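Engineer: Dropping the sequence and predicted coords here.
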Amino acid sequence: MDSKKATKEFETVLANALKEAYPDIRREKEEIHVSVSVPRAEYGDLSSSLPLGLARKLKTNPGQIAEALSKAISEGSLLQKSGIIGKISAEGGYLNAWIDEKKYSERVLKEVITKGQSYGNSDEGQNIRMIVEFPSVNPNKPWHIGHLRNALLGDSISNIFKAGAFLVEKIDYIDDLGLQMAEILWGMGIDESGKDVKYDRFLGEEYVKANKKIKEAGAEATRARRIAERSVMAQYETAFSYGIYHDVMIWESDIIRNRLVERTMELLREQGISQEPKKGKYAGCVVIETEEKDVKEGEEKVKVFIRSNGVATYIAKDLAFHMWKLGLIGTDFLYRSFVLQPNGQTVFTTSKTGEPIDFGNANFSINIIGSAQQYPQKVLKEVLDAVGKNGYRVIHVPYGEVSLKEGSLSGRKGGWLGEERDYTADDLLKEMKLKTMEKANEAGKNADGNGGEVQEKLALAAIKFEFLRMDPAKKIVFEWERALDLSSNSGPYCMYMYARCSRILEKTGIVVESAIGIGKHAKRDIGFELVKELSRAEEVVSKARKEYRPDIIAEYVLRVSQLFGKFYESVPVLNAEEDRKLRVATVFATRQVIYNMLGLLGIKTLEKM
RNA sequence: GGGCGUGUGGCGCAACUUGGAUAGCGCAUCGGGCUUCGGACCCGAGGGUUGCGGGUUCAAAUCCCGUCACGCCCGCCA
């Protein structure tokens, strides 16, 4: 019994009433559908503004139309006995529907209890294969809080799609060839001979040489890879501490070594998508014309894919990567285990030696990439569109930058380096643990009775909830004071409500399954409000999936928790006289919904805290 | 110059895609509530011309046009 069914029933009644009362008027199902909403409690459980919409057409005032429809419903006995809508009334141009509390409560609670951990899931994905790419941090620095936001979004969106029966592959792209890696090697002491030539020229030459060497799997490339792998291993320690896991990492050096770029460019040339200007500014490059005009130059704007020195640009490598993701180009990638993750699953990596595994070949890819990269992502989509009319299969989920009051977190400038504590994912977790510990001591609880596990989970919940509860599009200005504020709008708050549910259930001794069918009074109280909210889970998760927005789920689980908080204070469960079993079932279902929804955010619950 | 995003009580956010009845939540402020299932809780109060100006509509935070502010992007970089 999800909320959609109640809405649907109401819509059918409305459609039939319309047919009865105004046979000449035609309204699309969709129109009736959008007129239905959830009003304030005093106006019932569902409300339709249909009469307001018809007023103009019928040249009658909305109140009369509502009355006429209401009359048609009662006289035509349009409310079915087996249905869950018990009453409909007309008021101020609206038609309001009241749900039968007892029937609805029983059906909703039964469904939650029966489905358990899969409540809220759907099968809309039909086992479609998809990729979520995140966070693809360069292997030359620790994850800062901006990378963390990316990773948390990617992880949660993966969960949300898995809950929709999609086959999700979590991929991390490791750029071990970029300038940043070169800079590191440089810093670590590359031969600086050649100082007699112009410095920029020397640098450029070295860069070309480095790219060549990598193709040949030369010594420097091996060294770069070794350093990068060590760095990624360290970054993954951070990921693991946050419960973030991947399926496979794709290394840029392996994309180059497997000649994916060349093969992609060949394909583009064959299809006449790319051009090779013989003269002018782009002589010697391989370029693709874009749809827009370059205002400054007054000529066609082009994107360079292969530079005149023969080296592929970022966009070319990214295109090749996506051709692979979508199975548009063959691959000889070999994989080996990178490390066994704490969740028991191995994360694989592309490698020079290993075995072929069936990664990639996805129907679509969701890329969690900062909104600053919307332009290159758009170009990528356009080119993919031209190649195989498949551009729509790349979905860019842009998220707002995380910055500091004093400026950016730039890796290059070291903005992530703080004075006392860094703005890294590691330090944030450390600080949050201290904070939850402090809070526990204030409340007189034994803070580290479980070897710090409780504080660890609470700290993770606080951080994850804080980062996921707002629309990804919004940018975040990070401040320690606010980040460490454990207010009521938080992960720990939801966990607290969950723990309270657990506590009650521990004491009831009722077999929950038997609670069904025994609700006698199911009054229109806060408990019913709660049940109605619980019924929305699938609808909510589905919306979050459609919009790539975990914040919708955070908002929902917070609402459920708040309603439970009120329920808990005002309605006795253990000492209930009439509705004890129904209330126990409500508690059980609430606990399940909080568990499932927090799970989608990557947050683990605690039985006691 | 062009593109994208954001703008909602002092602060942080929700509602905008699909226009509906009194714009929700938290923090902060003020005032209440532990003999009852866990106080990391609950109840109440004050605080809003939804950046600004037009338009459409019976009805606009929501749709349209304009405008302002802030951020990001528009390189043979990555």
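Structural biologist: Here it is on my side, so go on.
Engineer: and A:G602, what does it touch?
Structural biologist: When contacts are counted by CB atoms under 8 Å, 6 or more residues apart in numbering, A:G602 touches A:152, A:155-156, A:159, A:242-244, A:464. (Glycine included, C-beta is placed from N, CA and C.)
Engineer: Look up the closest residue to it, ignoring the ones flanking it.
Structural biologist: Setting aside the residues directly before and after it, A:G602 is nearest to A:D155 in space (CB to CB, 6 or more residues apart in numbering), at 5.1 Å.
Engineer: cool, and A:A68?
Structural biologist: Nearest non-adjacent residue to A:A68 (CB to CB, 6+ apart): A:A21, at 4.7 Å.
Engineer: Quick check: that neighbour touching A:L69?
Structural biologist: Yes: A:A21 is within contact range of A:L69, at 5.4 Å (criterion: CB atoms under 8 Å).
Engineer: Out of these two, name the residue with the larger neighbour count.
Structural biologist: Per other CB atoms under 10 Å, whichever of A:A21 and A:L69 has more neighbours is A:L69, with 25 against 19.
Engineer: Report the contact partners of A:G178.
Structural biologist: Going by CB under 8 Å, 6+ apart, A:G178 touches A:138, A:252, A:314.
Engineer: are any of those buried, and which?
Structural biologist: Among the contacts of A:G178, those buried by neighbour count (16 or more other CB atoms under 10 Å) are A:138, A:252.
Engineer: restrict the contacts of A:G178 to contacts with RNA strand B.
Structural biologist: When contact is defined as CB under 7 Å from any atom of the strand, the contacts of A:G178 meet RNA strand B at A:138, A:314.
Engineer: Adding pLDDT and secondary structure, write the contacts of A:G178 out as TSV.
Structural biologist: TSV is the format used below for the contacts of A:G178 (pLDDT from 0 to 100; DSSP: H, G, I helix; E, B strand; the rest coil):
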residue	pLDDT	secondary structure
A:N138	90	coil
A:E252	92	helix
A:Y314	91	helix
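Engineer: Can you tell me which of the contacts of A:G178 is nearest RNA strand B?
Structural biologist: For these, the residue nearest RNA strand B by CB to the nearest atom of the strand is A:Y314; the value is 3.2 Å.
Engineer: Is it correct that the closest one is in contact with A:P376?
Structural biologist: Yes: with contact defined as CB under 8 Å, A:Y314 and A:P376 form a contacting pair (7.4 Å).
Engineer: which stretches of chain A aren't confidently modelled?
Structural biologist: Residues of chain A that meet the criterion pLDDT under 70 lie in A:1, A:179-221, A:291-300, A:389-391, A:446-451, A:510-523.
Engineer: for A:I171, helix, strand, or coil?
Structural biologist: strand (DSSP: H, G, I helix; E, B strand; the rest coil).
Engineer: May I have the residues that are in contact with it?
Structural biologist: So A:I171 contacts A:131-133, A:246-250, A:325, A:359 (CB under 8 Å, 6+ apart).
Engineer: and the two most separated of those residues?
Structural biologist: Largest separation among those by CB to CB: A:H246 and A:K325, giving 14.4 Å.
Engineer: Now do the SS call for A:M265.
Structural biologist: On the three-state scheme (three-state DSSP), A:M265 is labelled helix.
Engineer: check contacts around it.
Structural biologist: Residues in contact with A:M265 (CB under 8 Å, 6+ apart) are A:274, A:286, A:305-306, A:312, A:316.
Engineer: What of A:D318?
Structural biologist: Going by CB under 8 Å, 6+ apart, A:D318 touches A:376, A:380.
Engineer: For the helix or strand encompassing it, buried residues please.
Structural biologist: According to DSSP states H and E, A:D318 maps onto helix A:314-325. By 16+ other CB under 10 Å, the buried positions in helix A:314-325 come out as A:315-325.
Engineer: and it, C-alpha only, in PDB?
Structural biologist: Once non-C-alpha atoms are left out, helix A:314-325 reads as follows in PDB (Å, rounded to 0.1, in the frame of the first residue of the first chain):
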ATOM      1  CA  TYR A 314      41.900  16.000 -21.600                       C
ATOM      2  CA  ILE A 315      38.700  16.000 -23.500                       C
ATOM      3  CA  ALA A 316      40.100  13.400 -25.900                       C
ATOM      4  CA  LYS A 317      41.000  11.100 -23.100                       C
ATOM      5  CA  ASP A 318      37.700  11.700 -21.400                       C
ATOM      6  CA  LEU A 319      35.900  10.900 -24.700                       C
ATOM      7  CA  ALA A 320      37.900   7.700 -25.100                       C
ATOM      8  CA  PHE A 321      37.000   6.700 -21.500                       C
ATOM      9  CA  HIS A 322      33.300   7.300 -22.200                       C
ATOM     10  CA  MET A 323      33.400   5.300 -25.400                       C
ATOM     11  CA  TRP A 324      34.700   2.500 -23.300                       C
ATOM     12  CA  LYS A 325      32.100   3.000 -20.600                       C
END
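Engineer: Fine by me, we can end here.
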